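Novice: Structure for this input, please:
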Amino acid sequence: MYDDILVPTDGSTGMDRVIDHAASLAAEHGAAVHGIYVIDTASWTGLPMESSFEGVGETLRNEGESALRQLERRVQDRPVETEIRQGSPAREVVDFATEEDIDVIVMGTHGRAGVDRLLLGSVAERVVRSSPVPVLTVRVSGDEGSAESAPDE
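Specialist: As a prediction, this is how the structure comes out:
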């Protein structure tokens, strides 16, 4: 059913849970895992003019490489291909899924609610709405065991 699984990662705390879901799914279906880290170029617009774009870009690329190494370490028994892209995270994830003939996207959500969700939006929500393939979302907020739950991002 699934030959290629895409795991978008931002390297945040809680991604291990998402990666483990994807690894389990990959093992069950004999699928390859593709990891993607997207450098959100829109976030650069708020930087002070004296900031070095080369320095910021290098820092973000290093963070991406670290996040993708985390993915590779956790998915031990399946082939893993990784890529770093720049642009709008939701758009890049959907474009990658389309270009690489991905069968399912496994991605994390964060438990933002209220004004944060309204103002910041949700990468996961935009991917779900625009993806041509199924999207499995896994909540990654730190309050997994809490009785109080906030809507997923």
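Novice: Helices along this protein, start to end?
Specialist: 15-29, 53-74, 89-99, 114-120, 123-130 (DSSP state H).
Novice: tell me the mean pLDDT for the second one?
Specialist: Spelled out, it's helix 53-74. Average pLDDT, helix 53-74: 87.
Novice: and the angle from it to helix 15-29?
Specialist: Helix 53-74 runs at 50 degrees relative to helix 15-29, counting by axes from the mean of the first three to the mean of the last three C-alpha atoms, to 10 degrees.
Novice: what's next to helix 53-74, contact-wise?
Specialist: Contact with helix 53-74 is made by 7, 9-11, 15-16, 19-20, 23, 33, 35, 37, 39, 44, 47, 80, 82, 84, as judged by C-beta atoms under 8 Å, 6 or more residues apart in numbering. (C-beta placed from N, C-alpha, C; glycine too.)
Novice: May I see the buried residues of that helix?
Specialist: Neighbour-count burial for helix 53-74 flags 60, 64, 67, 68, 70, 71, 74 (criterion: 16 or more other C-beta atoms under 10 Å).
Novice: same question, the last one
Specialist: Residues of helix 123-130 classed as buried by neighbour count (16+ other C-beta under 10 Å): 123, 124, 125, 126, 127, 128.
Novice: Report the contact partners of the fourth one.
Specialist: So that's residue 126. residue 90.
Novice: Just the pLDDT for it.
Specialist: pLDDT, residue 126: 92.
Novice: Now go through the contacts of helix 53-74 and say which are in strands.
Specialist: Among the contacts of helix 53-74, the members falling in strands (DSSP state E) are 7, 33, 35, 37, 39, 80, 82, 84.
Novice: and the residues you listed, which two are the farthest apart?
Specialist: Checked with C-beta to C-beta, these reach their widest spread between 33 and 39, with 20.5 Å between them.
Novice: what about the two, which has more around it?
Specialist: residue 33 (24 against 19; other C-beta atoms under 10 Å).
Novice: so the more buried one makes contact with residue 22?
Specialist: Yes: Residue 33 is within contact range of residue 22, at 6.0 Å (criterion: C-beta atoms under 8 Å).
Novice: Overlap of the contact sets of these two?
Specialist: Jointly contacting residue 33 and residue 22 under the rule C-beta under 8 Å, 6+ apart are 5, 7, 75.
Novice: Among those residues, which one is most surrounded by other residues?
Specialist: residue 7 (31 neighbours).
Novice: Nearest spatial neighbour of it, chain-adjacent residues omitted?
Specialist: Closest residue in space to residue 7, ignoring its immediate chain neighbours: residue 22 at 4.7 Å, by C-beta to C-beta, 6 or more residues apart in numbering.
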